[in-house]
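Asker: Give me a 3D structure for the following:
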Amino acid sequence: MDITDYIYSVLRKKDIILLNAYPGFGKSRIAIAVAMKWVNDGGQVLIITKSRAEALQLCEFTRRAGIRDRTSLFLGRESLCPFNAHNSKQCFLYRLNGVCKVKRTEVTLPIMTCNPLDLFSDGLCPYEVNEALAYQLPIVISTHAYLSSPELYGKIMSIINTWNKPLVIIDEFHNVAVGLEESTFIKIDELRRWASSGNDLASKLLDRINGYTPEREVVILRRFDIDDLLKGSESIDDKVIEILTHFGNDLCAFTYDGDLVKLRCLSLRPIRDLIMKSQKVLLLTASISKRFSYIVNIFSRPSYYITVDSLPKEYLENLVVFSVRDVEFTHRNRLLKEYLDIVDRSIKAFIEASPPVGGLAVFFPSIEYMNSYINQYTPPVWGIPTFILRDGSEAVNAIGVFKENARVTKSLIITYAQNPIGEGINFLEQELIGVMIIGFPLPQYNQWGFLKSRYYGKLGISGFTTTFLFPAISTTIQIIGRLLRDLDRHKKVAVLLDGRFYRYRKYMPKWLMSRIKPIRLFQLLNESLWR
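Answerer: Next comes the predicted model:
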């Protein structure tokens, strides 16, 4: 029995399955294969994945499986519109002034393409077509972003409410396993404007920050009445209203860092409602090892855990993970010159030890720390093509050029742990042969983090482990997972530069934990890592 048949047989007996398997195992293909079986048995399937790119990839898998004509690509208007229209009003204006030349509004079946531009070329609006088909076809592919928007989430729930046998598949589940988190910045001038319009909430926030300059981000307001929000709300940013109305029943707080006020909210309700509405649930992840499987308990229904924790035999000898045990980069010491020098020497040793052809990536735990290093060691010149990625938008343009360079020479990316290239992007052959993570990528310790920790504790799960340790381990797994493509033909190396990686190795999946080799800093600086 192959893995798909096994999972489907278990799905008949269990309501919720959590499948944890290494990156590159083929979880997305399993999702489509299971969806096809479920639909053939008379059911309907909602597949939710991380982003537009993953959704388009899933769509391509349905095309190859011969079920594209039974699938709707239910993404946001901005994701499917060639002109990135944010709402129906913008869409109407584009058509009115002739920018958008959509001529037909009827839905033509079947739709066999996964490229939104193909529909647009045929005179159809890709967004409107897929939205209409979502109410007609048995398979709907969407993204995590739909769970965060009241309007879009409402559309998903209205579709599921019409189904008689719904199966929900959440791909990349580790990204939403502990709830959906949304935030937005508010400028002080905006608060003053809202307060002058009579909004009591803005007045309270201004009172809290008047003459106050915190050393780090702090919570300034946790509880408030709905009347405080609604009074004089005509001038308040729609994003603030949207977040508070969608997430406010769970956990929300206003924080302040001395410059901007930030509204932060966390909610489990969208995921919980989806699970409760569905007949069966399949959760797919590479980051929820057995020690973290308790997280699913917060959704009220017990899950059946399946893990693939061994790499193929032909992969084992070609993946080595070095964990440097005798140095730690903490918030207190990491900006000291002594530690920045260690970072610089380690990066140089990593580059010099690598083969003459292949891509290398260095990940800092945060963009702030990365910028601190680059600003003090500018320009970092190592005689090879180097790409510094400070935000996700840069990755779109740079990654193709980086891959091209890496196929013929040694090339380097310097970025931070939460950059999109650390998850979801496939590197083939020698496009990526080595990664280094500098510092254990724990989320920043602040009052918002401690609020979340207490919140999880009240739900009956470990607060610290869920809030801080799980994201750090998940990020580590995803980054190292970028090395697992074509590992049977190329030796690849990961360097974990912080003693906490080795200390917390028991929280990692067995395929990774078994490949970790502890070393000391002097060994990193002097040994040949790829030998």
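Asker: mind checking which helix or strand L119 is in?
Answerer: If you go by DSSP states H and E, L119 is part of helix 116-121.
Asker: next one: S287
Answerer: Using DSSP H and E, no helix or strand contains S287.
Asker: give the contact list for it.
Answerer: Applying Cβ atoms under 8 Å, 6 or more residues apart in numbering to S287 gives the contacts N20, H174, I473, S474, I477, Q478. In this view, the C-beta of every residue, glycine as well, is placed from N, C-alpha and C.
Asker: What segments of the stretch 51-200 of the chain are helices?
Answerer: Secondary structure of the stretch 51-200 of the chain (DSSP state H, counting those that start in this stretch): helices located at 52-65, 77-80, 88-96, 116-121, 126-134, 145-148, 150-160, 188-196, 200-209.
Asker: among those, which is nearest R223?
Answerer: Proximity to R223 (Cβ to Cβ) singles out helix 200-209 among the helices of the stretch 51-200 of the chain, at 10.6 Å.
Asker: Just checking: what are the partner strands of whichever helix or strand comes after that closest one?
Answerer: Following helix 200-209 in sequence order, the next helix or strand is strand 218-221 (DSSP H and E). When sheet partners are counted by DSSP bridges, strand 218-221 sits next to strand 251-256 (antiparallel).
Asker: do you know how far Q136 is from C59?
Answerer: Going from Q136 to C59 by Cβ to Cβ, to the nearest Å gives 16 Å.
Asker: Between the two, which has more neighbouring residues?
Answerer: Using other Cβ atoms under 10 Å, the more surrounded residue of Q136 and C59 is C59, with 24 against 11.
Asker: for this protein, what helix or strand is lowest in average pLDDT?
Answerer: helix 226-230 (a mean of 70; mean pLDDT, DSSP states H and E).
Asker: Tell me the buried residues in it?
Answerer: D228, L229 (16 or more other Cβ atoms under 10 Å).
Asker: same for it, what does it pack against?
Answerer: Judged by 3 or more Cβ pairs under 8 Å, 6 or more residues apart in numbering; DSSP states H and E, helix 226-230 is in contact with helix 200-209.
Asker: Any chance you could list what contacts the helix it packs on?
Answerer: 188, 191-192, 194-195, 220-221, 224, 227-229, 231-232, 236, 254, 256, 261.
Asker: show me where pLDDT drops low in the stretch 101-250 of the chain?
Answerer: Across the stretch 101-250 of the chain, the ranges flagged by pLDDT under 70 are 104-109, 230, 232-235, 237.
Asker: Next, format the helices of the stretch 51-200 of the chain as CSV and append distance to K492.
Answerer: CSV is the format used below for the helices of the stretch 51-200 of the chain (distance: least, Cβ to Cβ, whole Å):
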stretch, distance to K492
helix 52-65, 23
helix 77-80, 33
helix 88-96, 45
helix 116-121, 35
helix 126-134, 38
helix 145-148, 32
helix 150-160, 39
helix 188-196, 48
helix 200-209, 49
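Asker: Between these, which one is closest to Y416.
Answerer: helix 52-65 (19.4 Å).
Asker: how about that closest one: buried residues?
Answerer: For helix 52-65, the neighbour count (16+ other Cβ under 10 Å) marks R52, E54, A55, L56, Q57, L58, C59, E60, F61, T62, R63 as buried.
Asker: got the contact list for the third one?
Answerer: By Cβ under 8 Å, 6+ apart, the residues touching A55 are T49, L73, L75, I141, S142, T143.
Asker: How about the fifth one: what's its closest non-neighbour residue?
Answerer: To tie it back to what came earlier, the one meant is S142. Nearest residue to S142 in three dimensions, chain neighbours excluded: F74, at 4.6 Å (Cβ to Cβ, 6 or more residues apart in numbering).
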